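K.L.:
Generate coordinates for the sequence data below:
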Amino acid sequence: MNEDAKNWQPTANIDTLKRRAQYLSDVRHFFAERDVWEVETPILSRAAPTAPYLDSFSTDYVPIGAQSKQTHYLQTSPEFAMKRLLAAGSGSIFQIARVFRNGEQGKYHSPEFTMLEWYRPELTLNQLMDEVNILLQQVFVFKPISRLSYRGLFEFYFKLNVFSCSDDTIKHCSLERIKGLPADFETDRDGWLELLMSHVVEPRLAAMKFPVFIYDFPASQAQLAKVKKDESGNDVAERFELYIDGVEIANGYNELLDVDELRRRFNNDNQQRRSQGKPEMPIDQHLLAAMQHGLPPCSGVALGLDRLMMLAINKSSIQKVLSFDYERA
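P.N.:
Numbering: from 1, shown residues only. A predicted model of the protein is given here:
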């Protein structure tokens, strides 16, 4: 009997899949009570995210009888299309979306996974954090979420002021604190910070018995968030990440509204992709046109539902909450 014949059964057991279905129903009820309506957006697009850390799946559309083909990309997030709806006057919206990221597979990763994403023109970023907190307590029965600043986190664990210390200081700290890192390893400032976060901070967050928001990231890590001054006058990104048991669950922004700044960030991303030997990605001109028309002030968050369910029902990997994981698809 070959492997395909042996692996026809679901990855998760039926009781787990029924519980998953109940979670999805409860999430929809949570948003219905708040007048946040559910939307659906295309999975295929002619544009794709430019972020250097994301690799998209691509496929070719060949019209019947045509000689040419058009490259399309599977969505890594429904963000761009949802923002077009916001610019068209949708108001508060959410989506439970199938999303795809090439090369990602493991205990907490799958090339195809489920993302819960929502946008709230009525809420500030702090109010959105409050709403995430309520969702996790009411639907998934987690403890209340604590809040720690990025700066405070690095001062506590490394005695570093990430906004004033030199690149060399961060590099030396990384080489000292991360075992097995080659002495000749090289990356940029944000690369070193990310290594410290993933190899040192996240394991310590795992030891905490409660979920944690980390907020006010360095401005260089703004991605698609606004940048502001913190209480010490440092430029910080108005965004947060949610960690449970040391696992990143969600990423939220006070959304960038400046179309020229967004275009600049996209171009910078593609420049970084070129320097890393990666292909440039086509910029979403529909999104830029929507931004030019006017995206309302809003906060938004993307949350990994498979990871959240895995932790909520105490499973060892996201594969244990999927009907069929990547290997059995």
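K.L.:
any idea how far Val301 is from the residue nearest to the spatial centre of the chain?
P.N.:
By C-alpha atoms, centre = their mean, the chain has its centre lying nearest to Asn251, at 4.9 Å. Separation of Asn251 from Val301 (C-beta to C-beta, to the nearest Å): 7 Å. C-beta here means a position set from N, CA and C on the backbone, and glycine is covered the same way.
K.L.:
Next: Gln271.
P.N.:
28 Å.
K.L.:
So for these two, which sits in the more crowded spot?
P.N.:
Ranked by neighbour count (other C-beta atoms under 10 Å), Gln271 and Val301 place Val301 first, with 24 against 13.
K.L.:
Just list whatever residues bridge to the closest residue to that one other than its chain neighbours.
P.N.:
Once flanking residues are discounted, Val301 sits nearest to Gly252: 3.6 Å by C-beta to C-beta, 6 or more residues apart in numbering. On the basis of DSSP bridges, Gly252 is bridged to Phe240, Val301.
K.L.:
My guess is Gly252 contacts Leu128. True?
P.N.:
Yes - using C-beta atoms under 8 Å, Gly252 and Leu128 qualify as a contacting pair, with a distance of 5.7 Å.
K.L.:
With neighbour numbers in mind, choose between those two.
P.N.:
In terms of neighbours (other C-beta under 10 Å), Gly252 is the more surrounded of Gly252 and Leu128; the figures are 25 against 22.
K.L.:
For the more buried one, which residues are in contact?
P.N.:
125, 128-129, 132, 239-242, 299-302 (C-beta atoms under 8 Å, 6 or more residues apart in numbering).
K.L.:
mind putting these in a markdown table, distance to Ile170 and pLDDT included?
P.N.:
Converted to a markdown table, the contacts of Gly252 look like this (distance: C-beta to C-beta, whole Å; pLDDT from 0 to 100):
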| residue | distance to Ile170 | pLDDT |
| --- | --- | --- |
| Leu125 | 26 | 97 |
| Leu128 | 30 | 98 |
| Met129 | 27 | 98 |
| Val132 | 30 | 98 |
| Arg239 | 20 | 98 |
| Phe240 | 22 | 98 |
| Glu241 | 19 | 98 |
| Leu242 | 24 | 98 |
| Ser299 | 29 | 98 |
| Gly300 | 30 | 98 |
| Val301 | 28 | 98 |
| Ala302 | 27 | 98 |
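K.L.:
Can you tell me which of those residues has the most neighbours?
P.N.:
Phe240 (29 neighbours).
K.L.:
how much space is there between it and Phe213?
P.N.:
On the measure of C-beta to C-beta, Phe240 and Phe213 end up 5 Å apart.
K.L.:
Now for these two: what residues contact both?
P.N.:
By C-beta under 8 Å, 6+ apart, the residues touching both Phe240 and Phe213 are Met129.
K.L.:
can you list the domains in this structure?
P.N.:
Using automatic domain parsing, the domain ranges for the chain come out as 3-145+210-328, 148-208.
K.L.:
before we move on, back to that, wait, which of the contacts of Gly252 is closest to Tyr61?
P.N.:
Nearest to Tyr61 out of the contacts of Gly252 is Ala302 (C-beta to C-beta; 26.4 Å).
K.L.:
buried stuff in stretch 204-216?
P.N.:
205, 211-216 (16 or more other C-beta atoms under 10 Å).
K.L.:
now do stretch 242-253
P.N.:
242-245, 247-253.
K.L.:
show me the residues around Tyr253 that make contact.
P.N.:
125, 223-226, 237-239, 299-301.
K.L.:
hmm, back to that, quick one: common contacting residues for Gly252 and Leu128?
P.N.:
299-301.
K.L.:
Of the residues you listed, which is the nearest to Glu104?
P.N.:
Among the shared contacts of Gly252 and Leu128, and counting by C-beta to C-beta, the member closest to Glu104 is Val301, at 19.8 Å.
K.L.:
List the contacts of that closest one.
P.N.:
117-118, 128, 132, 250-253.
K.L.:
that older thread, show only the entries of the buried residues of stretch 204-216 found in helices.
P.N.:
Among those, DSSP state H puts Leu205 in helices.
K.L.:
Could you work out the most separated pair of the buried residues of stretch 204-216?
P.N.:
The widest separation within the buried residues of stretch 204-216 (C-beta to C-beta) is 17.6 Å, between Pro211 and Asp216.
K.L.:
re the thing from before, touching, the residue nearest to the centre of the chain and Ala237? I think so.
P.N.:
No - in this structure, Asn251 is not within contact of Ala237 by C-beta under 8 Å, at 10.9 Å.
K.L.:
returning to what we had before: closest to Leu287 among the contacts of Tyr253?
P.N.:
Leu224 (10.0 Å).
K.L.:
burial of Leu193, as a residue count?
P.N.:
Neighbour tally, Leu193, other C-beta under 10 Å: 23.
K.L.:
Secondary structure element holding it?
P.N.:
According to DSSP states H and E, Leu193 maps onto helix 189-196.
K.L.:
thinking again about what came up before, filter the contacts of Tyr253 down to just the ones in strands.
P.N.:
237-239, 299-301 (DSSP state E).
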